[in-house]
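1. Fold the following and give me the result.
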Amino acid sequence: MKIAGLQSPAASTLAAVFALFLCVTVALTQSQIVSVRPGHNPVYDELEKVPEKARSRPNPLEHDPDAPVAGEKLFENHCAECHGDAATGGKRGPSLRAEEVQQSSPGTLFWILTNGVVRHGMPVWSKLPEPQRWQIVTYLKTLASAPSQSAPPGAR
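-> Numbering: from 1, shown residues only. Next up, the predicted model:
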C-alpha cells in the first residue's frame, strides 16, 4: 500500500487503524450510543420509544391538590438518590427538569417510571402502587414551572 508517497508495512497498518476507527465511529453514531447532538443525553431518547397507548394515558391525579406534595415525598425516598434532591440530575440519573422530560406527557413519564430504563440504570418501579407512581409524575410536572433553586411544592 502507498500512502503519501510511502510504501511500507507501517503505512498499511496506519491505513487499517484509520479504517477501523472510521467504522467504529459510524457504527456507534448509528446505534445512538454516541449522541450526535451536542449536550444531549441519549437516555432522553428512551422517552420517544414509549408506546403510543401509554403516551396518551391521562394522569388521574392531575387536579388533585395533594398529589404534588405526596409525590415530592415519594421522590425524596425513591428517586433523589439518583436524580438529585432538586431533580437536576445526579451521578446515576439525568435531570428531570430537562426540556425533554418536561415536554413529555404524564403517560410517558408514568410508563418510564413503571418499566424503568434498565439498560441506562433506572430500575423498574412497577411494585410501587399505581397511585404513588402517579403522585411522582404529578410532582415531576410541577418542576417545569419551578426554578431549581426554589423550594419544591411541599416546602412552600
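
2. Helices of the protein, residue ranges please.
-> Ranges of helices in the chain, per DSSP state H, are 9-30, 52-55, 67-78, 80-83, 99-102, 106-115, 130-142.

3. averaging pLDDT over each of those, which comes out lowest?
-> Lowest mean pLDDT within the helices of the chain: helix 9-30, a mean of 68.

4. can I get the helices of the chain in JSON lines with distance to residue 90 and mean neighbour count?
-> Quick note: C-beta positions are derived from backbone N, CA and C, even for glycine. Shown next, in JSON lines, are these (distance: least, Cβ to Cβ, whole Å; neighbours: other Cβ atoms under 10 Å):
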{"stretch": "helix 9-30", "distance to residue 90": "25", "mean neighbour count": "11"}
{"stretch": "helix 52-55", "distance to residue 90": "25", "mean neighbour count": "12"}
{"stretch": "helix 67-78", "distance to residue 90": "12", "mean neighbour count": "20"}
{"stretch": "helix 80-83", "distance to residue 90": "5", "mean neighbour count": "17"}
{"stretch": "helix 99-102", "distance to residue 90": "14", "mean neighbour count": "16"}
{"stretch": "helix 106-115", "distance to residue 90": "16", "mean neighbour count": "21"}
{"stretch": "helix 130-142", "distance to residue 90": "15", "mean neighbour count": "21"}
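
5. Any chance of JSON lines for those, columns distance to residue 46?
-> JSON lines is the format used below for the helices of the chain (distance: least, Cβ to Cβ, whole Å):
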{"stretch": "helix 9-30", "distance to residue 46": "17"}
{"stretch": "helix 52-55", "distance to residue 46": "12"}
{"stretch": "helix 67-78", "distance to residue 46": "19"}
{"stretch": "helix 80-83", "distance to residue 46": "14"}
{"stretch": "helix 99-102", "distance to residue 46": "10"}
{"stretch": "helix 106-115", "distance to residue 46": "7"}
{"stretch": "helix 130-142", "distance to residue 46": "15"}
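
6. Okay, residue 85 and residue 107: tell me how far apart.
-> The gap separating residue 85 from residue 107 is 26 Å, by Cβ to Cβ, to the nearest Å.

7. How is the protein partitioned into domains?
-> Domain assignment for the chain by automatic domain parsing gives 1-34, 42-155.

8. Surely residue 59 touches residue 136?
-> No: under the criterion of Cβ atoms under 8 Å, residue 59 makes no contact with residue 136, lying 10.7 Å away.

9. any idea how far the residue nearest to residue 71 when sequence neighbours are not counted is from residue 131?
-> What sits nearest to residue 71 in space, not counting adjacent residues and going by Cβ to Cβ, 6 or more residues apart in numbering, is residue 139, at 2.9 Å. According to Cβ to Cβ, residue 139 stands 13 Å off from residue 131.
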